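Student: heads up, no residue letters with this:
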């Protein structure tokens, strides 16, 4: 370590209006002053003189150059000459005027450098003592920013089928607002519908690359749009241009999804190196946030294709698991198509248990892309703390629980945020009446408007229960179907919005005919209607078998709609079970959670909520207000993401 050579020390007296702390000198081991101060600064004094050499201003402690508060007191004629040859304390400031560095400057402006090795062991005690003298003084820390690359199959508003699109559409903008440079890499889906207009603002950057995979070189192009501080990069290839949704059509999932998302992963690894966005590339020192199996090849490629050749040596990858049930499993023979070295087959190797094989001669051998990402990623995140634990269990691990348990040390959960500008009951353009936690009168009017729109009897005293979501086994639709006959015997109304399994779609239509004055089923999905149901219902029901995070319960609480949910994953993390006896009898909690996942348990929780709504109005209003005041913003979630970024960059790469 190099340090400054100090030839003469001088003393100064502080002005009465400057505290001792403000002028204290803290030896810096990084600058090599520790040993020097131990040898020479025994009296704890240092001359403070204004420097005309410092680039960012020579004031001290916020004083301007004309101030005489830091003037040197000349003690005698002999010292006067020595003071002229002494050191000056220069200050460097950032653009905002804050002090960011101190340095010692001889009057001549020349610095004599002398080789010196700090003796850290000897100075440890002294440094600790100095820290204690500082007391509670706040330390000035420079903010660390990162080059962040999201890799995702969907990102709203460009493409979306569920929560993954919401996360990758909202979080990048918040992180960009925190000072990070953020890129999102996603496919450029064109399906011949009005949704193609989402990509109208993106232009071809004229950078074509060839991806070595699937027995040849596949050429892909890049489109780019800079919006809300984020570089939105879209990978363009004919395989992303077809009718249907992002992953399939009416006949099921596309048979070439492995090919399509292999292209996405290869292109995402090249994008920071070849795209001069804003005039310069992101470069090799990046943080890749890879979302679900669609982006799962990225950490494998970093470890196998790039790092062995010195590229992306300091890059880090963070795997974000939104739904472990989807893993990108394909026959073992498809490994040769992925563009990976053969020695990396073991990272993706997957063998189905005997009971899951199709026939007696089936060996069960396969490749599992999500497994490869779990093995090679530097950190692993899920979208709630509860789900981070559940995926390490046999019940919730979908066959990967033992592998995830072995990597528990790098596994964390962060609850998703919501877009509070889109979901705001005081300004929502989709609802007829606005309201807030301070004035709930508009909530009742929204309920009346919803009953009128759905053709239900307008009955303010009748609790209105809602469900919004996919009609499939995961969401517990079978429990709702079994419970409706008993629930309809009570004085309630029920509305459902969703699409999915044709069996449940047909059941919703039949139930609407059976319970004309109590039940409405809207087959399909409509954003304005989902907002009106969220605002108009009194209770939101979510009996999901598993729910990595869940967003509808967050929207419901923000709109004063009380959730009744199965105690699983993110639902258990975000909905605080109601306790009427807590808080000196004022109660606490934001809804009801039930377990186990049975019809009886669900009906019991619903009936408790219905009874509270009818008989305890003040308690119900308190429940509503507590939910509306909860903080589920992306800004809060971003703070936790930044902590994980710091951990990822401190740790060495998992694969070297």
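Tutor: Perfect, I can see it now. The structure displayed is predicted, hence computed values, not measured ones. Numbers count the residues shown, from 1 in each chain.
Student: measure the closest residue in space to residue 284 that isn't next to it in sequence to residue 288 for me?
Tutor: Of all residues not flanking residue 284 in the chain, residue 312 sits nearest, at 5.2 Å (C-beta to C-beta, 6 or more residues apart in numbering). Where C-beta positions appear, they are placed from N, C-alpha and C, glycine not excepted. Residue 312 sits 9 Å away from residue 288, taking C-beta to C-beta, to the nearest Å as the criterion.
Student: would you list every one of the strands in the stretch 401-550 of the chain?
Tutor: Using DSSP state E, counting those that start in this stretch, the strands found in the stretch 401-550 of the chain span residues 411-413, 464-468, 493-498, 519-523, 539-542.
Student: So between residue 312 and residue 288, which is more surrounded?
Tutor: Using other C-beta atoms under 10 Å, the more surrounded residue of residue 312 and residue 288 is residue 288, with 29 against 23.
Student: Report the rounded mean pLDDT for the host helix or strand of the more buried one.
Tutor: Take DSSP states H and E as the rule and residue 288 turns out to sit in strand 287-291. Regarding strand 287-291, the rounded mean pLDDT is 98.
Student: tell me what that strand is packed against?
Tutor: If contacts are counted by 3 or more C-beta pairs under 8 Å, 6 or more residues apart in numbering; DSSP states H and E, strand 287-291 sits against strand 147-151, helix 163-177, helix 297-301, strand 316-321, helix 634-650.
Student: Which residues are in contact with residue 226?
Tutor: By C-beta atoms under 8 Å, 6 or more residues apart in numbering, residue 226 lies in contact with 232, 277-278.
Student: hmm, 10 Å instead?
Tutor: Neighbouring residues of residue 226 by C-beta atoms under 10 Å, 6 or more residues apart in numbering: 201-202, 232, 277-278.
Student: Nearest to residue 555 among those residues?
Tutor: Sorting the contacts of residue 226 by how near they are to residue 555, with C-beta to C-beta, puts residue 232 at the top with 24.7 Å.
Student: sorry, back to before: would you turn the strands of the stretch 401-550 of the chain into JSON lines with distance to residue 621?
Tutor: Listed next are the strands of the stretch 401-550 of the chain as JSON lines, based on distance: least, C-beta to C-beta, whole Å:
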{"stretch": "strand 411-413", "distance to residue 621": "32"}
{"stretch": "strand 464-468", "distance to residue 621": "16"}
{"stretch": "strand 493-498", "distance to residue 621": "20"}
{"stretch": "strand 519-523", "distance to residue 621": "26"}
{"stretch": "strand 539-542", "distance to residue 621": "14"}
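Student: could you redo those as TSV and give each row mean neighbour count?
Tutor: Below are those laid out as TSV (neighbours: other C-beta atoms under 10 Å):
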stretch	mean neighbour count
strand 411-413	20
strand 464-468	24
strand 493-498	24
strand 519-523	21
strand 539-542	25
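Student: Quick one: the ones you listed as a markdown table, columns for distance to residue 398 and mean pLDDT too.
Tutor: Conversion of the strands of the stretch 401-550 of the chain to a markdown table gives the following (distance: least, C-beta to C-beta, whole Å; pLDDT from 0 to 100):
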| stretch | distance to residue 398 | mean pLDDT |
| --- | --- | --- |
| strand 411-413 | 15 | 96 |
| strand 464-468 | 25 | 97 |
| strand 493-498 | 23 | 96 |
| strand 519-523 | 29 | 94 |
| strand 539-542 | 21 | 98 |
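Student: quick one: which of these is nearest residue 187?
Tutor: So among the strands of the stretch 401-550 of the chain, strand 493-498 is nearest, using C-beta to C-beta, at 25.5 Å.
Student: any idea of the mean pLDDT in the top strand by length along the chain?
Tutor: The longest strand of the chain (DSSP state E) is strand 216-227. Mean per-residue pLDDT for strand 216-227: 96.
Student: Okay, buried residues for it please.
Tutor: Within strand 216-227, the residues that count as buried by 16 or more other C-beta atoms under 10 Å are 218, 220-225.
Student: Now for residue 599, how many residues are close by?
Tutor: Residue 599 sits with 17 neighbouring residues when counted by other C-beta under 10 Å.
Student: Also residue 406?
Tutor: Neighbour count for residue 406, taken as other C-beta under 10 Å: 12.
Student: I figured residue 318 hits residue 378, correct?
Tutor: Yes - Residue 318 lies in contact with residue 378 (C-beta atoms under 10 Å); the separation is 6.5 Å.
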